[in-house]
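Asker: how would this look folded up:
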Amino acid sequence: MEQQQATSPRPGRTSADDLADAGEVIGVEQAEAALVEHYPRLVRLAYLVLPPGTGRGRRVLTAHAVVQRTLPRRRTATRDLALPAPPAPRSGGDTAADPGYAFLRQHVLRAALATGRARWRRPPVLPQVWGLRLFPRSGGADELALDQALSSLSGPGRAAFVLRDLEGLTDRAAACVLEASGVADAREALDEAEGAAVPAGSRDRSLLESPEFDPCALQARPTDLLRRRQHARAALAAGAAVVVCGALLGLPGEGWGPDGAAAPPYARNAAAEAALDPGKLTVAPAHAWESAARQDFSAWPARGDRTDDRALLRRALAVWARPGAEVRLSATPGTPAGPAAGPPQLLFAGVVDHSAVVLFHDGLRVVRYAEAADGEGRGDGSGAALDFARTDGADAASAGALVVGRTEGNVRYLTAPWVKSVHLVDLLAPDAAAQRLGVDASGVTDPSPSPRPDQKCATWPALRMDGGLLTDLGDLAPARLTYGAPRKPGEVSTPKARTAWARGGCTLAAMRGQGVRSVNSWEFARQPLPGGAGAAAWVCTRAETWRGAGSRTLAQFQAPAPGGRPYAPGVVAASVAGGTACGPRAPRALAGVLWKAGGGQWWLLAAGSGKLASITATGGVQGRAAGHLLTVKAGAGAQAQLTGRLADGKRVDALR
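Answerer: Predicted structure coming up:
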């Protein structure tokens, strides 16, 4: 059969009447029987011929609608049908020999081709499935290549390909069916199908009959349930508003009055339209960062293998401006999720772990758009995600990397162009050797493990790069870790700094998802313990956010750990949301804790930063000490209030 097709000459314009049985009549019952028997094959044929631009889910529903509308309303003669000679037998029955099947096939082709020609026509509204998204199962690389090859053909070309290589018709028979279905030039359609660049195996039905192209073997996933409920409530509120507006407009006068300088509804807005034009995106020169007065995200060049993909960039900009109900949307606290005021800057566009990812920067925010690069997405924007994060006021240290992808507990970063090397370290094991992390030509790192705060805190991954020490706290911009006095924090490079972070690194779990820009640890006091038990370190850890508000301060008591564990976790003595303690505006700290000595005696231990002149304890424990350290005997569970004084008499309250 295949050899016969390969050696058969191309037909001329052959009339269908030469091959049709003019006396045979198709009844409704016969057509219904053929539809029931061959329904899956007819839907597959319609799915393959329909234009691909509508998306896989819409194509599935349209293919079913096309087939279900092919039944005749009365008995129909076959004189107007192209009934070619049947092909060689194959599994599934001799479908082409059945006049009822030939009748339905021709009408399916005609309807599918008409849908492709009339671009202004929307796909049929019905059938519709509310609350579910339906799409065929994804195939492998060959199926994807074949789908892309078919997408490049015209509607008649796809129909010719399917008739020959799925239906098994000869060129002459396929030409008859094409002409009867309204194709003006069947020879051109057959030539186009013959010249299609398809993968191996496409011409023997094995790929065309795979689940990838079976609209009857579907996967179902729900739409965004939360957004559906929100939209339902919004619809009710909008209905009530319409009623109120109607009542107001029905009153004498002009209702709420003229609109003033506001533009009329749906008026063209030049700035909004410019923000949707991929051709107007801002792109920094490749080496602009080398001479930039300020090294931040504005100096990043556009990188990635899809920076010239205007269709992808257009989808990303459109979803940013008008995210649909199915878009997974996230934003760090205090980050506006509205559209861009004008054309943003392009930082990255490429494929990362089977997702097409685009990173934008508009001066205030970094925006990440992601869609499936294969499988479900098919480049139509389905399954898209949109993430926002504040990044205003960034410098070279805080603009060292951005999260470009997350998969199965791993994270990939896009590094700044000035970063020359990246190493993976364990914050809780400072003596362990650092592992070099690979970086590709676009600046994307190899997968790095992300911290797992939901499990026992046994490790905390961090990145050591030219810009300092960074860790992932669940946001687009990783947080920078520093050590030292609040007004002059430094890098985590000394043994003392590494030890402080090793003993306090697990406290970072409380700062995830808060838009944290940097976290600084500072040993503000070291206190001898009663009974010669050594000395304890008092460490203040403060997280600063990109938005300014929302800071978090922790005071830790790090006593010598028993059993020779130099990096045992410390004890959180106080936790404060907001405020200025331990920050550059108020580089002071005061905290206390009840500590039990080896002999069973309880003590109230309190310590403040070096400028405290005295500490006073009141309440359940009474005591006072000059200087910044206080040690007083106490009972188990005693409650005390601590107050510190500076040399000028100014009061310093304890962190609680």
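Asker: how close does the spatially closest residue to Arg310 that is not a sequence neighbour get to Ala636?
Answerer: Once flanking residues are discounted, Arg310 sits nearest to Pro278: 4.7 Å by C-beta to C-beta, 6 or more residues apart in numbering. Yep, even glycine has a C-beta here, placed from its N, CA and C like the rest. Per C-beta to C-beta, to the nearest Å, Pro278 is found 68 Å from Ala636.
Asker: Settle it for me: which of those two has more neighbours?
Answerer: Pro278 (19 against 9; other C-beta atoms under 10 Å).
Asker: ok, that one to Gly342 distance?
Answerer: 14 Å.
Asker: Lowest-scoring secondary structure element of this structure by mean pLDDT?
Answerer: helix 2-7 (a mean of 36; mean pLDDT, DSSP states H and E).
Asker: Just the CA atoms of the helix or strand harbouring Gly350, as PDB, please.
Answerer: Using DSSP states H and E, Gly350 maps to strand 345-352. C-alpha atoms of strand 345-352 as PDB (Å, rounded to 0.1, in the frame of the first residue of the first chain):
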ATOM      1  CA  GLN A 345      13.100  45.600  30.700                       C
ATOM      2  CA  LEU A 346      13.700  42.000  29.500                       C
ATOM      3  CA  LEU A 347      16.200  40.100  31.700                       C
ATOM      4  CA  PHE A 348      15.700  36.500  30.400                       C
ATOM      5  CA  ALA A 349      13.700  34.400  28.000                       C
ATOM      6  CA  GLY A 350      14.400  30.700  27.700                       C
ATOM      7  CA  VAL A 351      13.500  27.100  28.500                       C
ATOM      8  CA  VAL A 352      14.200  25.900  32.000                       C
END
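Asker: Ala399 versus Arg294, what's the distance?
Answerer: Distance from Arg294 to Ala399, by C-beta to C-beta: 9 Å.
Asker: For these two, indicate the residue with more neighbours.
Answerer: Neighbours per residue, other C-beta under 10 Å: of Arg294 and Ala399, the larger number sits with Ala399, 25 against 11.
Asker: any idea how far Gly578 is from the nearest residue to that one once chain neighbours are set aside?
Answerer: Excluding its sequence neighbours, the residue lying closest to Ala399 (C-beta to C-beta, 6+ apart) is Asp296, at 4.6 Å. Relative to Gly578, Asp296 is positioned 27 Å away (C-beta to C-beta).
Asker: shaky segments in the chain?
Answerer: 1-27, 53-54, 72-97, 116-141, 200-206, 218-272, 374-382, 453-455, 467 (pLDDT under 70).
Asker: quick check: longest strand of it.
Answerer: What stands out as the longest strand in the chain, according to DSSP state E, is strand 516-528.
Asker: In the sheet, which strands lie alongside it, parallel or antiparallel?
Answerer: Strand 516-528 sits in its sheet next to strand 479-483 (parallel), strand 535-545 (antiparallel), going by DSSP bridges.
Asker: any chance of the ones you listed in CSV, plus mean neighbour count and distance to Ala46?
Answerer: CSV is the format used below for those (neighbours: other C-beta atoms under 10 Å; distance: least, C-beta to C-beta, whole Å):
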stretch, mean neighbour count, distance to Ala46
strand 479-483, 24, 53
strand 535-545, 23, 54
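Asker: Out of the ones you listed, flag the one nearest Ala574.
Answerer: Nearest to Ala574 among the strands paired with strand 516-528 is strand 535-545 (9.1 Å), distances taken as C-beta to C-beta.
Asker: residues making contact with the following helix or strand past the closest one?
Answerer: Per DSSP H and E, strand 535-545 leads on to strand 552-558 as the next helix or strand towards the C-terminus. By C-beta atoms under 8 Å, 6 or more residues apart in numbering, the surrounding residues in contact with strand 552-558 are 500, 503-504, 507, 510-511, 514, 536-543, 570-579, 581-583, 589, 591, 593, 595, 605, 655.
Asker: Please check the residues you listed and keep the buried ones.
Answerer: 500, 503-504, 507, 511, 514, 536-543, 570, 572-574, 576, 581-583, 589, 591, 593, 595, 605, 655 (16 or more other C-beta atoms under 10 Å).
Asker: Sitting in strands, which of these do you find?
Answerer: Per DSSP E, the buried ones among the contacts of strand 552-558 map to strands at 536-543, 572-574, 576, 591, 593, 595, 605.
Asker: Quick check: the farthest pair among the residues you listed?
Answerer: Among these, Ala543 and Trp595 lie farthest apart (C-beta to C-beta), at 26.0 Å.
Asker: contacting residues around the residue nearest to the spatial centre of the chain?
Answerer: The centroid of the chain falls nearest to Ala385 when counting by C-alpha atoms, centre = their mean (3.4 Å). Counting by C-beta under 8 Å, 6+ apart, Ala385 makes contact with Val327, Arg328, Leu329, Ser330, Arg368, Tyr369, Ala370, Glu371.
Asker: Which of those residues has the largest number of neighbours?
Answerer: Counting neighbours by other C-beta under 10 Å, Tyr369 comes out on top of those with 26 neighbours.
Asker: Tell me how far the closest residue in space to Leu364 that isn't next to it in sequence lies from Ser398.
Answerer: Excluding the flanking residues, the one nearest Leu364 by C-beta to C-beta, 6+ apart is Asp392, at 4.8 Å. Computed as C-beta to C-beta, the Asp392 to Ser398 distance reads 11 Å.
Asker: And Ala284, by the same measure?
Answerer: Separation of Ala284 from Ser398 (C-beta to C-beta): 18 Å.
Asker: before we move on, what SS does Val366 have?
Answerer: What DSSP: H, G, I helix; E, B strand; the rest coil gives for Val366 is strand.
Asker: residues touching it, list them.
Answerer: The neighbourhood of Val366, defined by C-beta under 8 Å, 6+ apart, consists of Phe297, Leu347, Leu359, Phe360, Phe388, Ala389, Thr391, Leu402, Leu476, Ala477.
Asker: Would you format these as TSV with neighbour count included?
Answerer: Listed next are these as TSV, based on neighbours: other C-beta atoms under 10 Å:
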residue	neighbour count
Phe297	22
Leu347	26
Leu359	28
Phe360	24
Phe388	24
Ala389	19
Thr391	26
Leu402	24
Leu476	25
Ala477	25
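Asker: Among the residues you listed, pick out the one closest to Asp185, please.
Answerer: Proximity of these to Asp185 (C-beta to C-beta) peaks at Phe360, which lies at 45.2 Å.
Asker: sorry, back to before: could you list the residues in contact with the helix or strand following the strand holding Gly350?
Answerer: Moving toward the C-terminus from strand 345-352, the first helix or strand encountered (DSSP H and E) is strand 355-361. Under the criterion C-beta under 8 Å, 6+ apart, residues 281, 297-298, 300, 304, 306, 312-313, 316, 320, 340, 344-351, 366-373, 377, 379, 391, 402, 404-405, 414 lie in contact with strand 355-361.
Asker: Can you give the strand pairings for strand 355-361, parallel or anti for each?
Answerer: strand 345-352 (antiparallel), strand 365-372 (antiparallel).
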